[in-house]
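Visitor: Show me how the following folds:
(one chain, ligands or ions: 2)
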Amino acid sequence: MSTTKKLVLVGNGMAGIRTIEHILKLAPHAYEITVFGAEPHPNYNRIMLSSVLAGGTSIEDIVINEWSWYEDNGIRVYPGDPVIRIDAERKEVVSQAGVRASYDELILATGSQAFILPIPGADKEGVIGFRDIKDCETMMAASHKYRKAAVIGGGLLGLEAARGLLNLGMDVTVIHINGHLMDRNLDLPAGLMLQRELEEQGMKFLLKKHTEEITGKHRVKSLRFTDQTVLETDLVVMAVGIRPQVELARQAGLNVNRGVIVDDYMNTSIPGISAVGECAEHRGIAYGLVAPLYEQGMVLAKRLAGAATEGYEGSVTSTKLKVSGVDVFSAGQFKDAADTRSIRIQDDVDGVYKKMVLKDGQLIGAVLFGDTTDGASLFSLIKSGENIGGREKEILLGVSAGGSGSGPSAAERMAAMPDDEIVCGCNGVTKAAIGDAVLNKGCNTLGAIKSCTKASASCGGCKPIVESLLVHYAGDAIGEQVKEGICGCTSYDRDEIVAQIKEMGLKTVKEVMNVLGWNEPEGCSKCRPSLNYYLGMIWPAEYEDERVSKFTNERYHANIQKDGTYSVIPRIYGGVTSPAELIKIATVAEKYDVPMVKFTGGQRLDLLGVQKENLPKIWEELDMPSGFGYGKALRTVKTCVGNTFCRFGTQDSIEMGIRLEKKLDKMVAPAKVKLAVSGCPRNCAEATIKDLGVVAIDGAWELHVGGNGGVKVRAAELLCTVKTDAEVEEWTYAYLQYYRENARWNERTAAWIERVGLDHVKKALEDREERLALVERLELTLGRTVDPWKEIIEDEKLRKNFTPLAGTQPAAH
Ligand SMILES: Cc1cc2nc3c(=O)[nH]c(=O)nc-3n(C[C@H](O)[C@H](O)[C@H](O)COP(=O)(O)OP(=O)(O)OC[C@H]3O[C@@H](n4cnc5c(N)ncnc54)[C@H](O)[C@@H]3O)c2cc1C
Ligand code: SF4
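Guide: Ligands and ions are numbered 1, 2, ... in the order given. Model prediction:
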């Protein structure tokens, strides 16, 4: 008589099959396994449906276990045949097609259903959820026939659906009941930043809208909201939440609340029946993300395989938005409460927001926007619950900057991590599996670990931890230097990318990503603008600036302020203006009710509080060149009064400042660039804390470089002393071009000089021919650079970007 027990799994999805995979490893011959799946497909990675919809991958690529896997492991499988009844007394299940299967152990892993709002018309053709391959195929088919899509729900899933539909060429509006997007994962500032970025990508939003009815005869025609406004649409995707599939369990008499109630070992209320995954409710929580479900699966598998295991204790979850091209990360308790404190950094210029929520010295939640490099480390700190008192700022400011922080090093954290901790949530890869790949399977590079275990092969969020684990396990045996790519989408650094662009003649952002094998087909907010810059720098004559690769400020050519308004800065060369210019500025400011006119720190007038739609009109009516108040470009050339008026002045600093600013006013660079010219060593223009400062001495000029008056003050260093005005120009342009060609994207001259050393720069510029060649290359670039403000004024299509669309304005904040 056979001792093999019968195990039946209901639900051929991610959690159930993961549990079976573990059982097969732990006790290969313990069970005769039967699987019922309502879907006709083999087990696939549901997470990646978003990428399938967005066009990054195909359905075949997301299959986790082919049919042959079931066969090879002796698993009997009934695809497309849902179980419709459980007879707990007879220990038997019955399928829709009439198959009866008896069991000793039954696992319910029926997952969830998309929640469809119970509103009139929700049953019309063209109204779907986003849950499985069928939904994905329905959306793809709709995009061939129809144009307009509405996604109800501005959470993670809704935005991923919307991004996919946008990629399919549809005109997409996201409807959300709350005031900001992803409100379950992001706080208000991050939510607003996300909205702006997505609007740039062409997504439209209707916030604080409640859908009342879906109209249309058979097929959806429009949505009507409670405020009686209407949106025409051909397709409605509901992404308002999920509901655990518990009907089967309820009918079988199991204790069910929101999900099937389970204990720490995934036992339900009836012996012999377990539940795992989204259909299960553990300690009051029904999880909707893969990582906790895989943890549950591991515990269940161990119990069923007779292996010792500690109970499942619940999980802290983290979220990452995939496929949108915007980096968003959130974990733990991200909202402030009475007993929490938080630290935030908001950089609207670069579109970066970081927040850490702390309680009793521990990190309990985090939100990152624009730069999510630290996500994995922060998440691991949240999970470990270690005390970070006194190191909070260092962690937030310092981790991505190379981890100069004092707390436990990455190595210590990796050593302390439990073996069964899931490192890659998307693919359920544990620390132990990575260790096994490195120690026993010869994987000594990130690429090898990726192909062997699939860790970091999906969303890429865990890459930093996988790299740290590689260092932890491989030590000296590491195959290739684990180097930081310019972002999580690539392992290539700046110099390699620049070299490859030149060598292979790559001409567009997309081409670079394709040829160099980017992990994320659309890149992220870190690599897109850098590639855009490198391409423009390398191919000044041919490259066309890619607007979509830029941040909000650069796309609107105005500095967005914290209340969502913009500012306009008329260019005031060398800080010199005239009564006529001032009258013009005042007239325009009055006409458009500009709430504030302010002198900036760099001798310019800033018109603050301008509505987006007024920007082109103001630029046009000012009829003056504008100055960058954002962007990685020349900001100002500050001057003192020099020998024109000053008793001490030995040289004409005003004339020199104006000359330099007129030449460089459209120069873009890896980071913002500020210049100053002083007419004598008293240095009233504070030229020695500028990226390049020119200071007059008796009969000559000194050029100081690499200064910074910002967060980290740095005195400039003397590059050279020259006699003539022409030489000042030659050295200035050559120096700036050398910086343009060699610095990393986002690297200010101060940081660059510190990295490469002043001697290196001096050497690079010492040869006159080299200098002139650099000047020539800069001139070529400047000769091709257009005035972006003029371009917008003159081009109706570009101007239209500034026209508000009804209901799509970000809420005032
Ligand atoms: C588009 C999309 C993107 C996502 N992105 C992420 C992400 O980035 N990160 C993340 O962690 N999670 C993500 N998720 C969630 C993740 O996919 C789920 O948490 C996970 O798939 C749940 O696993 P499960 O096994 O519990 O359920 P499922 O994978 O849904 O599997 C349940 C299976 O059971 C079947 N079934 C139901 N009833 C029966 C029955 N009576 N008989 C037989 N079979 C039945 C269902 O048809 C289904 O195939 C995403 C989900 C979607 C839809
Ligand atoms: S730097 Fe010299 S020239 Fe310029 S204002 Fe000051 S004292 Fe006068």
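Visitor: Stretch 641-655: how far from the chain's middle?
Guide: Mean C-alpha position of stretch 641-655 versus that of the full chain (CA atoms, centre = their mean, to the nearest Å) differs by 49 Å.
Visitor: repeat for stretch 451-467
Guide: 16 Å.
Visitor: List the contacts of that stretch.
Guide: 45, 47-48, 318, 320, 322, 329, 372-373, 375-377, 380, 414, 423-427, 429, 433-434, 437, 441, 443, 446, 449-450, 482, 488-489, 519-520 (CB atoms under 8 Å, 6 or more residues apart in numbering). Any C-beta I mention is one placed from the backbone N, CA and C, and that applies to glycine too.
Visitor: And for stretch 417-430?
Guide: By CB under 8 Å, 6+ apart, stretch 417-430 touches 18, 45, 47-48, 289-291, 294-295, 297-298, 318, 380, 383, 431-432, 434-435, 453-459, 461-462, 465-466, 469.
Visitor: just to revisit the earlier point, filter the contacts of stretch 451-467 down to the ones in helices?
Guide: Among those, DSSP state H puts 375, 376, 377, 380, 414, 433, 434, 437, 446, 449, 450 in helices.
Visitor: follow-up on the earlier one: any of the contacts of stretch 417-430 buried? List them.
Guide: Among the contacts of stretch 417-430, those buried by neighbour count (16 or more other CB atoms under 10 Å) are 18, 45, 47-48, 289-291, 294-295, 297-298, 318, 380, 383, 431, 434-435, 453-459, 461-462, 465-466, 469.
Visitor: List the ones among those that fall in strands.
Guide: Counting by DSSP state E, the buried ones among the contacts of stretch 417-430 place residue 318 in strands.
Visitor: The buried ones among the contacts of stretch 417-430 also near ligand 1: which ones?
Guide: Here is what survives when those are matched to ligand 1 using CB under 6 Å from any ligand atom: 47, 289, 290, 291.
Visitor: Excluding chain neighbours, give the residue nearest to the last one in space.
Guide: I take that to be residue 291. residue 425 (3.5 Å; CB to CB, 6 or more residues apart in numbering).
Visitor: Also the second one?
Guide: Nearest residue to residue 289, sequence neighbours excluded (CB to CB, 6+ apart): residue 317, at 5.1 Å.
Visitor: got the contact list for that neighbour?
Guide: 287, 289, 291, 292, 331, 332.
Visitor: Helices - which of those residues land there?
Guide: Using DSSP H, those in helices are 291, 292.
Visitor: ok, so of the contacts of residue 317, who is nearest ligand 2?
Guide: Distance to ligand 2 across these (CB to the nearest ligand atom) is lowest for residue 331, with 52.0 Å.
Visitor: ok so, going back, and the residue nearest to residue 289, how far is that from residue 789?
Guide: Between residue 317 and residue 789 the computed distance is 45 Å (CB to CB, to the nearest Å).
Visitor: low-confidence ranges in the stretch 601-750 of the chain?
Guide: 711 (pLDDT under 70).
Visitor: What is the neighbour count of residue 797?
Guide: Residue 797: 7 surrounding residues under other CB atoms under 10 Å.
Visitor: Are we agreed that it is in a helix?
Guide: Yes. Per DSSP: H, G, I helix; E, B strand; the rest coil, residue 797 lies within a helix segment.
Visitor: Please report how far it lies from ligand 2.
Guide: Relative to ligand 2, residue 797 is positioned 46 Å away (CB to the nearest ligand atom, to the nearest Å).
Visitor: so what's that residue scoring on pLDDT?
Guide: Looking at residue 797, its pLDDT stands at 81.
Visitor: ditto for residue 806
Guide: 44.
Visitor: next one: the one 5 residues further on
Guide: Among the per-residue scores, residue 811 shows a pLDDT of 31.
Visitor: Tell me who's in contact with residue 662.
Guide: So residue 662 contacts residue 573 (CB under 8 Å, 6+ apart).
Visitor: What subset of the contacts of stretch 451-467 is buried?
Guide: Buried among those by 16+ other CB under 10 Å: 45, 47-48, 318, 320, 322, 329, 372-373, 375-377, 380, 414, 423-427, 429, 433-434, 437, 443, 446, 449-450, 482, 488-489, 519-520.
Visitor: Surely residue 745 is in contact with residue 536?
Guide: No. The criterion here is CB atoms under 8 Å, and residue 745 misses it with residue 536 at 11.1 Å.
Visitor: quick one on the thing from earlier: give the phi and psi angles for the residue nearest to residue 289, as a check.
Guide: Residue 317 adopts backbone torsions of phi -110, psi 160, taken as degrees, to the nearest 10.
Visitor: now do residue 635
Guide: With angles defined as degrees, to the nearest 10, residue 635 sits at phi -90, psi -80.
Visitor: who's in contact with it?
Guide: Each residue near residue 635 by CB under 8 Å, 6+ apart is listed here: 602, 627, 628, 629, 672, 673, 674.
Visitor: Tell me which two of those sit farthest apart.
Guide: 629 and 673 (13.6 Å; CB to CB).
Visitor: Output stretch 290-310 as CSV, restricted to C-alpha atoms.
Guide: C-alpha atoms of stretch 290-310 as CSV (Å, rounded to 0.1, in the frame of the first residue of the first chain):
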residue,chain,number,x,y,z
VAL,A,290,4.1,38.8,-3.4
ALA,A,291,6.8,39.0,-0.8
PRO,A,292,4.6,38.2,2.2
LEU,A,293,2.8,35.5,0.3
TYR,A,294,6.1,33.8,-0.5
GLU,A,295,7.0,33.9,3.2
GLN,A,296,3.7,32.3,4.0
GLY,A,297,4.3,29.7,1.3
MET,A,298,7.7,28.8,2.8
VAL,A,299,6.2,28.2,6.3
LEU,A,300,3.4,26.1,4.8
ALA,A,301,5.7,24.1,2.7
LYS,A,302,7.9,23.3,5.7
ARG,A,303,5.0,22.2,7.8
LEU,A,304,3.6,20.0,5.0
ALA,A,305,7.0,18.6,4.4
GLY,A,306,7.5,17.8,8.0
ALA,A,307,10.4,20.2,8.4
ALA,A,308,10.9,22.3,11.5
THR,A,309,9.7,25.9,11.0
GLU,A,310,8.9,28.9,13.0
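Visitor: Okay, buried residues for it please.
Guide: Neighbour counts using 16+ other CB under 10 Å place 290-305, 309 of stretch 290-310 among the buried residues.
Visitor: Confirm residue 172 sits in a strand?
Guide: Yes. The assignment for residue 172 by three-state DSSP puts it in a strand.
Visitor: Bridged to it, which residues?
Guide: With DSSP bridges as the criterion, residue 172 is bridged to residue 149.
Visitor: Over to the one 4 residues further on?
Guide: Beta bridges link residue 176 to residue 207 when assigned by DSSP bridges.
Visitor: And for the residue most central in space within the chain, nearest residue in space, chain neighbours not counted?
Guide: In the chain, the centroid-proximal residue (CA atoms, centre = their mean) is residue 327; its distance is 0.6 Å. Residue nearest to residue 327 in three dimensions, not counting chain neighbours: residue 372, with 4.2 Å by CB to CB, 6+ apart.
Visitor: With residue 45 instead?
Guide: Nearest to residue 45 is residue 62, by CB to CB, 6+ apart, at 4.5 Å.
Visitor: now residue 619
Guide: Closest residue in space to residue 619, ignoring its immediate chain neighbours: residue 789 at 4.7 Å, by CB to CB, 6+ apart.
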